[in-house]
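>>> fold the following and give me the result.
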Amino acid sequence: MAHTSETINSLTLGDIKELRSILSGGSDAQPGTSMAIGQKVFIRSVTHYHVGRVVSVTAHEVALDDASWVADSGKWGEALANGTLSEHEPFPGLAIVRLGAIVDWCEWAHDLPSGAK
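The predicted structure follows:
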């Protein structure tokens, strides 16, 4: 049986939220990525490293608040295990990273850095 546009147009906001939850596996992850709003992340892009809190994700970019540019992570495993970074500088506002430039990312399980180092 084919669905008509009338059936789709009769969906409520609650129906849409429920479908979104089902399609995303029930998580708060945004479409096109597994990053969730409020999650602290360390992003390695093709040119820079960033650490911050995810505030929005669109089809093309992720916005980070309380973000820093990481010039030198130090030993990668130690940075992830201990939350220590050799050199970083804060962004004065939101940091916007294009999804197409992201090489990889991971959850940052530590306090976000403050100030410059």
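>>> OK, contacts around V70?
42, 48-51, 85, 87-88 (Cβ atoms under 8 Å, 6 or more residues apart in numbering). Quick note: C-beta positions are derived from backbone N, CA and C, even for glycine.
>>> correction: the previous question concerned T84.
Contacts of T84 by Cβ under 8 Å, 6+ apart are 74, 78.
>>> and for P113?
51, 68, 85, 88, 90.
>>> between these, which is nearest G77?
Closest approach to G77 among those (Cβ to Cβ): L85, at 12.9 Å.
>>> so that closest one is in contact with A79, correct?
Yes - assessed by Cβ atoms under 8 Å, L85 is found in contact with A79 at 5.8 Å.
>>> overlap in contacts of the two?
With Cβ under 8 Å, 6+ apart as the test, L85 and A79 both reach S73.
>>> can you tell me the average pLDDT over whatever helix or strand G77 lives in?
Applying DSSP states H and E as the criterion places G77 in helix 76-82. Per-residue pLDDT values across helix 76-82 average out to 92.
>>> buried stuff in it?
Within helix 76-82, the residues that count as buried by 16 or more other Cβ atoms under 10 Å are 79-80.
>>> mind giving me the packing neighbours of that helix?
With contacts taken as 3 or more Cβ pairs under 8 Å, 6 or more residues apart in numbering; DSSP states H and E, helix 76-82 sits against no other helix or strand.
>>> alpha carbons of that helix, in PDB - could you do that?
The C-alpha atoms that make up helix 76-82 are tabulated as PDB, following Å, rounded to 0.1, in the frame of the first residue of the first chain:
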ATOM      1  CA  TRP A  76      48.400  11.500  22.000                       C
ATOM      2  CA  GLY A  77      47.600   8.700  24.400                       C
ATOM      3  CA  GLU A  78      48.600  10.800  27.400                       C
ATOM      4  CA  ALA A  79      46.500  13.700  26.300                       C
ATOM      5  CA  LEU A  80      43.400  11.400  26.000                       C
ATOM      6  CA  ALA A  81      44.100   9.500  29.200                       C
ATOM      7  CA  ASN A  82      45.000  12.500  31.400                       C
END
